[in-house]
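[1] Sequence and predicted structure below; questions after.
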Amino acid sequence: MVYENFKKYVTMCSGEIMKVFFHTLGCKVNQYETQEMREQLTKNGYEITEDESTADIFVINSCTVTSESDRKTRQCVRHYKKKYPDSTVVLTGCMPQSFPEMAEKLVEADIVLGNKNNKLLVSSLNEYLSNSCRTLHMEQHQSGEALASSGISKFEERTRAILKIEDGCDRFCSYCIIPKARGRVRWKPIEDIKSEVKALTDNGYREIVLVGINLSAYGKGTELDLADAVFAVSENQKVERIRLGSLEPDHITDELIEKLAKCDKLCPQFHISLQSGCDKILKKMNRHYTSDEYYSLCQKLRKEFKDCTLTTDIMVGFPHETEDDFETTKAFAKKVGFEKIHVFPYSRRSGTVADKMDGQIEKSVKAQRVNELSVVANRIRNDFLKSQIGRELSVLIEEKQKNDVYFGYTPNYTPVKVSHGTVGVIQNIEITNIEDDFCIGK
């Protein structure tokens, strides 16, 4: 192995370019950070490849939101090292940040970086390739630290660009490891946002998706709020659409809604995490709102934003959730009429309060509840898609699929397929039918 790394170092020094393959797990924030690392590497003489068989280096950007996420991360690391034993394997992201001892024991990873230390990727690679010594950098997040970001200028193989403007979470939901993985709330300065948006629009992007770990907490503790970030993006004349990532309901005030409604470029689609429609379960989850407060928020958004769609996440089978509690959640989902619901079972996560709770629900019961709620969610979804038939909607064409079919989204995130289109261009489409989980247009 030492000899192989010496050969790589000689290759690097001789001017032959080292190729890097990325495997990204998890959320849109991770996708953004992968793009940051890609740009760091290309600026420093490395080449990114989408063909793993040509790669000299593998970078696994990990997720740790569930124990299953950790299992997939370990599987990826071992897979690449076994299949390409002479390669250099880098493990970074949330798993080593949250569980450094676990990451250190994963000996197939030659370089291990927490998400706080992504900026050390280039120097760690250069060091490892020169001396073959395993490198570990897993520095803990500290309260009061700034959001460290080198920024991006493009988003590979996408027609819309993801822009991370916030990181960290102060909520401490009883089921969640994210505050440990991501640290406390912090955000990107307005001027940095403007600068990054200019770089993205100069490269042709017309839709910007603002994301964060707790996006709606942008500016917490200051006079800034999420609307200030939205208007900073909107100032750029080349931006045609602005979209928001997942939001937390208790940070969306009446004042914020009023300000956001004044931005014509803001897409009227809001993904607002619910988790449960039962107040008893919300309290056990340490969520900071009631179902009535959540419903009131939904009503306000639909009133202020034309063609507003609301999507959400609902977790079933949380400890102590009874059949009556589940029925309450199911009824609440019908009451709100979400345009789309991501339904998933509670998964125990070591290091969280909920993991130590009694009243854990059987796996089979959780599976049954997922199925029941999914039926409700699909019925609501289907009714919504049918309601779009006959309308003329603007669609950003995102990709060309098989048989010359083009695919894209409306401002409220309705998926549309059409027989003619131009990738990267917003077109007016008449909706004529629905099929599976999308609309058909012409």
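    Nice, I can see it.

[2] Stretch 238-250: how far from the chain's middle?
    In terms of Cα atoms, centre = their mean, to the nearest Å, the centre of stretch 238-250 is set 12 Å apart from its chain centre.

[3] Need the distance between the two termini of that stretch.
    From its first residue to its last, stretch 238-250 covers 32 Å (Cα to Cα, to the nearest Å).

[4] Give me the buried stretch members for that stretch, please.
    Under the neighbour-count criterion of 16 or more other Cβ atoms under 10 Å, stretch 238-250 has 239-250 buried. Placement of C-beta: from N, CA and C, glycine included.

[5] likewise stretch 198-213?
    Within stretch 198-213, the residues scored as buried using 16+ other Cβ under 10 Å are 200-201, 205-213.

[6] could you dump these to a markdown table with secondary structure?
    Shown next, in a markdown table, are those (DSSP: H, G, I helix; E, B strand; the rest coil):
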| residue | secondary structure |
| --- | --- |
| Leu200 | helix |
| Thr201 | helix |
| Tyr205 | coil |
| Arg206 | coil |
| Glu207 | strand |
| Ile208 | strand |
| Val209 | strand |
| Leu210 | strand |
| Val211 | strand |
| Gly212 | coil |
| Ile213 | coil |
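
[7] Would you confirm that Pro179 contacts Val185?
    No. Taking contacts as Cβ atoms under 8 Å, Pro179 lies outside contact range of Val185: 9.5 Å.

[8] Check which helices and strands whichever helix or strand Arg243 is part of sits against.
    Using DSSP states H and E, Arg243 falls within strand 241-244. Applying 3 or more Cβ pairs under 8 Å, 6 or more residues apart in numbering; DSSP states H and E, one finds that strand 241-244 contacts strand 207-211, helix 226-234, strand 269-271.

[9] what helices or strands is the helix or strand that comes right after it leaning on?
    With elements assigned by DSSP H and E, the helix or strand that comes after strand 241-244 is helix 254-260. If contacts are counted by 3+ Cβ pairs under 8 Å, 6+ apart, helix 254-260 sits against helix 226-234, helix 291-304.

[10] And the strands in the stretch 301-442 of the chain?
    Assigned by DSSP state E, counting those that start in this stretch, the strands in the stretch 301-442 of the chain fall at 309-316, 340-345, 392-400, 406-409, 415-418, 426-435, 438-441.

[11] Name the nearest residue to Leu297, ignoring sequence neighbours.
    Of all residues not flanking Leu297 in the chain, Pro249 sits nearest, at 5.4 Å (Cβ to Cβ, 6 or more residues apart in numbering).

[12] Against Tyr413, how distant is the one you found?
    Distance, Pro249 to Tyr413, using Cβ to Cβ, to the nearest Å: 18 Å.

[13] cool, and Gly277?
    22 Å.

[14] Which one of the two is surrounded by more residues?
    Neighbour count, other Cβ atoms under 10 Å: between Gly277 and Tyr413, Gly277 has more, with 25 against 16.

[15] Show me the shaky parts of the stretch 101-250 of the chain.
    157 (pLDDT under 70).

[16] Which residue ranges of it form strands?
    Secondary structure of the stretch 101-250 of the chain (DSSP E, counting those that start in this stretch): strands at 111-113, 135-137, 160-164, 166-167, 186-187, 207-211, 241-244.

[17] is it possible to export these to CSV including distance to Tyr294?
    Below are the strands of the stretch 101-250 of the chain laid out as CSV (distance: least, Cβ to Cβ, whole Å):
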stretch, distance to Tyr294
strand 111-113, 38
strand 135-137, 40
strand 160-164, 26
strand 166-167, 21
strand 186-187, 24
strand 207-211, 22
strand 241-244, 17
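
[18] Test for you: state the pLDDT assigned to Phe21.
    With respect to pLDDT, Phe21 scores 98.

[19] What are the neighbouring residues in contact with it?
    By Cβ atoms under 8 Å, 6 or more residues apart in numbering, the contact list for Phe21 reads 48-52, 54-55, 57-59.

[20] what about 7 Å?
    When contacts are counted by Cβ atoms under 7 Å, 6 or more residues apart in numbering, Phe21 touches 49, 52, 55, 58.

[21] Give me the phi and psi angles of the residue lying closest to the third one once chain neighbours are set aside.
    Here the nearest residue to Ala55 in space, its sequence neighbours aside, is Phe21; by Cβ to Cβ, 6+ apart that works out to 3.7 Å. For Phe21, the backbone dihedrals are phi -110, psi 130 (criterion: degrees, to the nearest 10).

[22] Tell me what Phe21 is bridged to.
    Per DSSP bridges, the residues bridged to Phe21 are Phe58.

[23] Use 50 as the first number from now on
    Taking 50 as the first residue, the last one we looked at is Phe70.

[24] Could you measure from it over to Cys218?
    Shown here: Phe70 relative to Cys218, a distance of 30 Å by Cβ to Cβ.

[25] just Glu88 next, same as before
    Glu88 sits 26 Å away from Cys218 when distances are taken as Cβ to Cβ.

[26] Of those two, which one has the most company?
    Cys218 (21 against 17).

[27] what's the burial count for the nearest residue to the more buried one once chain neighbours are set aside?
    Distance criterion Cβ to Cβ, 6+ apart; nearest residue to Cys218, sequence neighbours excluded, is Asn263 at 4.4 Å. When neighbours are counted by other Cβ under 10 Å, Asn263 registers 24.

[28] neighbours of Val474, just the number please.
    13.

[29] I figured it hits Lys449, correct?
    No. Applying Cβ atoms under 7 Å, one finds Val474 not in contact with Lys449, separated by 11.9 Å.

[30] Could I get the full set of helices for this protein?
    51-62, 77-92, 116-132, 143-147, 149-154, 170-180, 227-231, 239-251, 275-283, 303-309, 328-333, 340-353, 372-385, 412-436 (DSSP state H).

[31] among those, which is the most enclosed?
    Mean neighbour count (mean count of other Cβ atoms under 10 Å) peaks for helix 143-147 among those, with a mean of 28.

[32] Can you give the distance from that helix to the centre of its chain?
    Distance of helix 143-147 from the chain centroid (Cα atoms, centre = their mean) equals 16 Å.
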